[in-house]
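Participant: Please work out how this folds:
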Amino acid sequence: MKTAALLSLGLLATAVGCGQKASSPKLPELAGAAAGKLNQPLQKELEEIYARDQGVRQNVRAMMEKYGYKSPQMDSLHRAMQRIDSLNLLRVTAIIDQYGWPGRSLVGSEGSVTAFLVVQHSNLATMQQYVPLMRAAAAQGELDYASLALVEDRILTYQNKPQLYGSQLRSNPTTGKMEFFPIDDEAHVDERRARMGLGPLAEYAQSFGLDYKPGKSK
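Facilitator: Numbering: from 1, shown residues only. Now for the predicted structure:
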């Protein structure tokens, strides 16, 4: 399993090698906006998916601090996350294949965020497949650019490349402390974050108990 990376909202996200393949995604459909109402059954279903996604993660940090990242307790939690993430991914990819990206006009902001969370909690191939659709959704106001930034960063870290926005953290294998994955052109990271609707990296770091000092370009 890939080293766990802490994401926004205090989430500990793990790779899910479920092998799920989805058909080619469509461009976002704005039928909900045209009709002047949301798809409420779909919105409710995504609320339930969100609850499952977050429920298994809500105590991750406390457990890691208490038992350690390589403890049996954390291994059990990772397995539970993998099972839930695999089931959530099956349903969310089916929704995307049917409706296009489930954006604000179809399922509201929280529903769109739920789809983003499930995709980012998947594997590299799935993220790469759906990120073009997410870019199109963000350009049309159907998805926050901040969410897109996290997925873009996560793809880069999975490819062992420097991230752009500093959204991804990891547990140092030697010290066990949290640290950022390498950041490209770190001196200008806050400028890129601002363009994506993200706050300064130092403030983001504080949410993880880190005292971040801006880096320099190499």
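Participant: Could you give the separation of the lengthiest helix in the chain from the chain centroid?
Facilitator: Using DSSP state H to define each element, the chain has its longest helix at helix 72-99. For helix 72-99, the separation from the chain centroid amounts to 13 Å (computed by Cα atoms, centre = their mean, to the nearest Å).
Participant: so how many other residues sit close to residue 206?
Facilitator: Counted with other Cβ atoms under 10 Å, residues neighbouring residue 206 total 12. Heads up, the C-betas are built off the backbone N, CA and C, glycines and all.
Participant: For it, give its distance to residue 106.
Facilitator: Using Cβ to Cβ, to the nearest Å, we find residue 206 at a distance of 35 Å from residue 106.
Participant: now swap in residue 177 and tell me
Facilitator: With distances taken as Cβ to Cβ, residue 177 is found 41 Å from residue 106.
Participant: Could you do residue 212 as well?
Facilitator: Distance from residue 212 to residue 106, by Cβ to Cβ: 37 Å.
Participant: which one of these two has more residues nearby?
Facilitator: residue 106 (27 against 16).
Participant: And that one, what's its pLDDT?
Facilitator: At residue 106, the model reports a pLDDT of 96.
Participant: can you tell me the helix or strand for it?
Facilitator: Per DSSP states H and E, residue 106 falls inside helix 104-120.
Participant: how far off helix 72-99 does that helix point, in degrees?
Facilitator: 140 degrees (axes from the mean of the first three to the mean of the last three Cα atoms, to 10 degrees).
Participant: So which other helices or strands are in contact with helix 104-120?
Facilitator: Contacts defined by 3 or more Cβ pairs under 8 Å, 6 or more residues apart in numbering; DSSP states H and E place helix 104-120 against helix 31-35, helix 40-55, helix 72-99, helix 124-139, helix 145-158.
Participant: For residue 118, see how far away residue 108 is.
Facilitator: Taking Cβ to Cβ, one finds residue 108 at 16 Å from residue 118.
Participant: Likewise for residue 168?
Facilitator: Counting by Cβ to Cβ - residue 168 and residue 118 are separated by 17 Å.
Participant: likewise residue 181?
Facilitator: 21 Å.
Participant: And residue 71, by the same measure?
Facilitator: For residue 71 relative to residue 118 (Cβ to Cβ), the value is 26 Å.
Participant: neighbour count winner among these two?
Facilitator: Neighbour tally, residue 71 and residue 118, criterion other Cβ under 10 Å: the higher count belongs to residue 118, 28 against 13.
Participant: Let me know the pLDDT of the one residue sitting closest to the centre of the chain.
Facilitator: Among the residues of the chain, the one closest to the centroid is residue 120, at 3.9 Å (Cα atoms, centre = their mean). pLDDT recorded at residue 120 is 95.
Participant: Fine by me, thanks again.
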